[in-house]
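**Q** predicted structure and sequence below. I'll ask about it afterward.
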Protein chains: 2
Amino acid sequence: MAGQHTLNETESEVASRLGGLKLDFEAMAVTSNLFRAANSVRNHLERTVLAKADLTWTAFVVLWVVWIWEPIETRGIAAEGGFSKATLSGVLTTLEGRGFLTRERSTSDGRLVLVSLTPAGRRLMKKLFPEFNAEERNITRHITTGDLPQAAQILRDLISATE
Amino acid sequence: MAGQHTLNETESEVASRLGGLKLDFEAMAVTSNLFRAANSVRNHLERTVLAKADLTWTAFVVLWVVWIWEPIETRGIAAEGGFSKATLSGVLTTLEGRGFLTRERSTSDGRLVLVSLTPAGRRLMKKLFPEFNAEERNITRHITTGDLPQAAQILRDLISATE
DNA sequence: TGCCGATAATTTGGGCCCGAACGATTAGCG
DNA sequence: CGCTAATCGTTCGGGCCCAAATTATCGGCA
């Protein structure tokens, strides 16, 4: 939203369309930049690290969550990854078809499905995750305003304000 | 990714799967929280403000960009909104079908398409945007660590590191 | 003038995304 | 024990998302 135009240009244009209405331009800048940043980082990591393994962002997150917490229930993956169970079902089918994970119905509770990585899935993550983290480090290294922990805290504030 | 488990739990699980490998957990926390925050804010705004107008986040962004800069070329909307032209084409067709905007081929350059809001589109934005901004303010009001301009700056640092 | 490379928007194909509806299973309460 | 409400995962429908291929147009150069 705050793309090629400067913030001031945008502000004056918005103001002219709303007359005397009071707007919070700082709040606008935060949400606008939040989305540009998230998409930009996502696309960057998909192109630099994930493309060689032909993985989407979401598929990688699913593999990562399962890798850390296996065996884990479907609902747990969705909660941990931050997407709906409907979305997850499709992604699990894709990754299962590619031989990276398995689904298994729980014996103690017939409603639950337990997900685990296959050896191929574990091999993939053991190779891919260090590369992924190196690129994460590369990106966040450029944060000059404030420090990393503070950046993470501000983002957590946004999460808790909306969840 | 840093969902129901604490950061320390996740760290020790990750470490146990990678042995002695050096990882940057602060960088992990930043990118992880960046996505949770973006999705959380997006879902929140879609449910609280956008649902009553039956608009998705992306559709709203498109309307907003056109509202501010009309008449604007397709490529300009995509750049300003931060998505691909392929994505935009579909969304424009949706919004055109609902009578919120119009497409018109440029007379000076037959390759370009100029997009403008209809009166209905302008009425919608004039009513919706103040509500949207009020909710943005509501969300960002909870940022206690550091101030809003610093938050926006950190996000811009992330964008410039990846674009 | 006629061609050719560059540019703009759209279409295509495959995948992600969510809410709502659905079928299966379980827990709890009388 | 039997019934009902809750829970879990999946499916369905509609929409978003991008890279690559496609169609149309333009600019420049011989």
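**A** In hand now; what should we look at?
**Q** just the C-alpha atoms of stretch A:23-43, please, in CSV.
**A** Only the C-alpha atoms of stretch A:23-43 are listed here, as CSV (Å, rounded to 0.1, in the frame of the first residue of the first chain):
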residue,chain,number,x,y,z
LEU,A,23,-7.4,9.4,10.5
ASP,A,24,-4.6,7.6,12.2
PHE,A,25,-1.8,7.7,9.6
GLU,A,26,0.7,6.0,11.9
ALA,A,27,-1.7,3.0,12.4
MET,A,28,-2.1,2.9,8.6
ALA,A,29,1.6,2.8,8.1
VAL,A,30,2.1,0.0,10.5
THR,A,31,-0.6,-2.4,9.0
SER,A,32,0.4,-1.4,5.5
ASN,A,33,4.1,-2.1,6.1
LEU,A,34,3.2,-5.3,8.1
PHE,A,35,1.7,-6.8,5.0
ARG,A,36,4.3,-5.7,2.5
ALA,A,37,7.0,-7.0,4.9
ALA,A,38,5.4,-10.4,5.4
ASN,A,39,4.7,-10.9,1.6
SER,A,40,8.2,-9.7,0.7
VAL,A,41,9.9,-12.0,3.2
ARG,A,42,7.8,-14.9,2.1
ASN,A,43,8.4,-14.4,-1.6
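**Q** list the contacts of that stretch.
**A** A:1-3, A:7, A:11, A:14-15, A:57, A:139, A:158, B:31, B:34-35, B:37-39, B:41-42, B:45, B:82-83, B:130, B:133-134, B:136-137, B:139-141, B:143, B:148-149, B:151-152, B:155-156, B:158-159, B:162-163 (CB atoms under 8 Å, 6 or more residues apart in numbering or on different chains). Where C-beta positions appear, they are placed from N, C-alpha and C, glycine not excepted.
**Q** out of the residues you listed, which are close to DNA strand C?
**A** Judged by CB under 7 Å from any atom of the strand, the overlap between the contacts of stretch A:23-43 and the neighbourhood of DNA strand C comprises A:57, B:39.
**Q** name the SS class of A:L23, please.
**A** Using DSSP: H, G, I helix; E, B strand; the rest coil, the secondary structure recorded for A:L23 is coil.
**Q** list the contacts for the closest residue to A:H142 other than its chain neighbours?
**A** Nearest in space to A:H142, with sequence neighbours left out and distances taken as CB to CB, 6 or more residues apart in numbering or on different chains, is B:A161 at 4.0 Å. Contact partners of B:A161, counting by CB under 8 Å, 6+ apart, are A:138-143.
**Q** change it to 10 Å
**A** Residues in contact with B:A161, defined by CB atoms under 10 Å, 6 or more residues apart in numbering or on different chains, are A:37, A:40-41, A:44, A:138-143.
**Q** coming back round to it: buried ones among the contacts of stretch A:23-43?
**A** Taking 16 or more other CB atoms under 10 Å in any protein chain shown as the criterion, what is buried in the contacts of stretch A:23-43 is A:1-2, A:11, A:14, A:139, A:158, B:31, B:34-35, B:37-39, B:41-42, B:45, B:82-83, B:133, B:136-137, B:139-140, B:143, B:148, B:151-152, B:155-156, B:158-159, B:162.
**Q** returning to that earlier point: let's see which of the contacts of B:A161 end up in strands.
**A** For those, not one is inside strands, with DSSP state E as the criterion.
**Q** Provide a list of residues in contact with A:F129.
**A** Counting by CB under 10 Å, 6+ apart, A:F129 touches A:49, A:60, A:63-64, A:67-68, B:14, B:17-18, B:21, B:23, B:28.
**Q** before we move on, which element is the residue lying closest to A:A152 once chain neighbours are set aside in?
**A** Here the nearest residue to A:A152 in space, its sequence neighbours aside, is B:A29; by CB to CB, 6+ apart that works out to 4.4 Å. Taking DSSP states H and E as the criterion, the element that holds B:A29 is helix B:25-45.
**Q** quick one: is that helix near DNA strand D?
**A** No - between helix B:25-45 and DNA strand D, judged by CB under 7 Å from any atom of the strand, nothing touches; the nearest distance is 8.7 Å.
**Q** for that helix, what does the pLDDT average out to?
**A** With pLDDT averaged residue by residue, helix B:25-45 scores 87.
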